[in-house]
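Novice: need a structure here:
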Amino acid sequence: MRLAFSQITWFVFLWGSAFWPADGRLFRDLPSLGKDTPALTSYKGKPHVLVFWAVWCGPCAAELREVERVSRTEKIPFVGIAVDSSEKQARRMVERTGITFANYLDYDSAFADTLGISGVPSLLLIDGNGRVAWSYTGYSVFPEQELRKQIKKITH
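Specialist: So this is what the prediction gives:
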């Protein structure tokens, strides 16, 4: 996933503006990995955590397990976005990691690219106004305490 100038522009735009524009261009529905998974756009207007991952990303598997643990105790939705991954491989990754939160497919990374995601794993915390309240890219030590602290900021 290469970050082009236009994507950097979108990234800067997102930090200072609403993530959920009125016309819905940035945030659209993606194919889901579950039968009873709500439409991705159903999270509009609600605080939630977006988790970008890929099947070919070793650190993503470790982070998904840790994100799952956090998602079980927090009161906001966690939403996974499998980028640059096939449906079959993404389903296997969900099973292997044991994650239970909703997951969607971004086959060609176009959605992630539009949002300025420069690598995986990446976390975005979206507030109730559709703004990116916090983000984290990469994996060395999972930022659990910081994620919990940021979630608390937008939900209390």
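
Novice: Run through the chain and note the low-pLDDT ranges.
Specialist: 1-28 (pLDDT under 70).

Novice: Now do the helices in it.
Specialist: 5-16, 58-71, 87-97, 110-114, 144-155 (DSSP state H).

Novice: Show me the one of those helices that comes nearest T37.
Specialist: The closest of the helices of the chain to T37 is helix 87-97. By CB to CB, the value is 11.0 Å. All C-beta spots, glycine's among them, are computed from the backbone N, C-alpha and C.

Novice: Show me the residue at the heart of this protein, geometrically.
Specialist: L50 (2.3 Å; CA atoms, centre = their mean).

Novice: need the contact list for that one.
Specialist: The contact partners of L50, taken as CB atoms under 8 Å, 6 or more residues apart in numbering, are 79, 81, 123-126.

Novice: Swap in 6 Å and give it another go.
Specialist: Contacts for L50 (CB atoms under 6 Å, 6 or more residues apart in numbering) come out as 79, 124.

Novice: Please tell me how far it sits from P38.
Specialist: 14 Å (CB to CB, to the nearest Å).

Novice: Kindly report the same for D106.
Specialist: For D106, the distance to P38 - CB to CB - is 17 Å.

Novice: Skip the chain neighbours and tell me the closest residue to L124.
Specialist: L50 (4.3 Å; CB to CB, 6 or more residues apart in numbering).

Novice: for I99, same thing?
Specialist: E68 (4.6 Å).

Novice: ok, so what distance separates the one you found from K44?
Specialist: 24 Å.

Novice: what does S71 give?
Specialist: In terms of CB to CB, S71 sits 19 Å off from K44.

Novice: ok, now E74?
Specialist: 19 Å.

Novice: Same check on R65?
Specialist: For R65, the distance to K44 equals 28 Å [CB to CB].

Novice: my read: G128 touches P47, true?
Specialist: Yes - judged on CB atoms under 6 Å, G128 makes contact with P47 at a distance of 5.1 Å.

Novice: gap between the residue nearest to H48 when sequence neighbours are not counted and E144?
Specialist: Closest residue to H48 apart from its sequence neighbours, by CB to CB, 6+ apart: P77 at 4.4 Å. Going from P77 to E144 by CB to CB gives 18 Å.

Novice: cool, K88 as well?
Specialist: 30 Å.

Novice: can you check F101 too?
Specialist: 16 Å.

Novice: That's all I had, so thanks and see you.
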